[in-house]
Every structure is written in structure tokens, then in C-alpha cells.
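> Okay, predicted coordinates and the sequence, questions at the end:
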Amino acid sequence: MAEQVKFELVSPERLLLSTEVEAVVVPGAEGDFTVLPGHSRLISTIRPGVITVMQGGRAADRIFVEGGFAEVTPQGCTVLAEHATPVADISREQAAQAVQDAKEDIEDSKDDTARGAAAKILAVAEARLRAVEAPAY
């Protein structure tokens, strides 16, 4: 059996996942990074995107996160996610509608504050739509 790394995914409400995996790919703010056993220590913010859990040489699980933080040690990776949803549970139609709604909200914004808030919502909605449209590794 290949060496494993401990992976934990935590939301504000509860522990969502705690398991041993071959690797985990995390959407870091500076780009995706893969955590393998013995990884160097790292703390990173997470951008909206997909966490991919690798088992048996393939993507075993894909989870969309809206943002958060990741802490990596040589023994494992803990992700503190603002919100997490399995990609399989995301409706493409609802994700596309959320993108359209956010674009309309930007157009209807009365000031820069409202426009900025709507732009953040649009970024998350677009990332969610990409998650359901993009193939796994």
C-alpha cells in the first residue's frame, strides 16, 4: 500500500471529511497545490474552486469550496472551508443561473460597495459553474 497523508475538511458547522488519502489537490490563492506525504509545512488561503482527493491513482472525490484556509504539515492537510459542497451535488442549471443573477446584480449596483459585493458573488458562482463543467484529473 502506498504511503498515505491525513486529510481533514472542516466547515464552520462540522468536520466534513477525515480520511487517509494518496494526495489532495487544493485550490490555493496563488494556484493549485498538491499535498503528498512528507509535504513541507505551508499555510495558504484558498480561492473558490475544487478540492480533489486522490485515491488509487484517480480522483476519488471532488468538493467545491468557496474559500478558506489550508494548513499543511508533513503528516497531513487540514482545510478550513467557508462553505463546502460535493461537486456531484451541484446542479449545472442552478450554477449557470447564479452566474446570470450575479451579472445582473453587478449591472444594477448603485455604488462601488454594492458592485464589489456582487463581483465577489460572481467570482464564486463562476468557479462553481467551472467545477461542474470541468473534468476531474
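Sure, I can see it. Numbers count the residues shown, from 1 in each chain.
> Report how many residues lie close to Pro74.
A count of neighbours around Pro74, defined by other CB atoms under 10 Å, yields 11. Every residue, glycine included, has its C-beta placed from N, CA and C.
> Surely Ile46 touches Phe64?
No - assessed by CB atoms under 8 Å, Ile46 is found out of contact with Phe64, at 11.1 Å.
> The two: who's more crowded?
Per other CB under 10 Å, whichever of Ile46 and Phe64 has more neighbours is Phe64, with 25 against 20.
> Got the confidence number for Arg130?
As predicted, Arg130 sits at a pLDDT of 95.
> Tell me who's in contact with it.
Arg130 makes contact with Gly49, according to CB atoms under 8 Å, 6 or more residues apart in numbering.
> Just the helices from this protein, written as ranges.
For the chain, the helices defined by DSSP state H occupy 92-107, 112-133.
> Pull out the buried residues from the first one.
Neighbour-count burial for helix 92-107 flags Ala95, Ala96, Ala98, Val99, Ala102, Lys103, Asp105 (criterion: 16 or more other CB atoms under 10 Å).
> So which residue is dead centre in this structure?
Closest residue to the average C-alpha location of the chain: Val65 at 3.1 Å, with CA atoms, centre = their mean.
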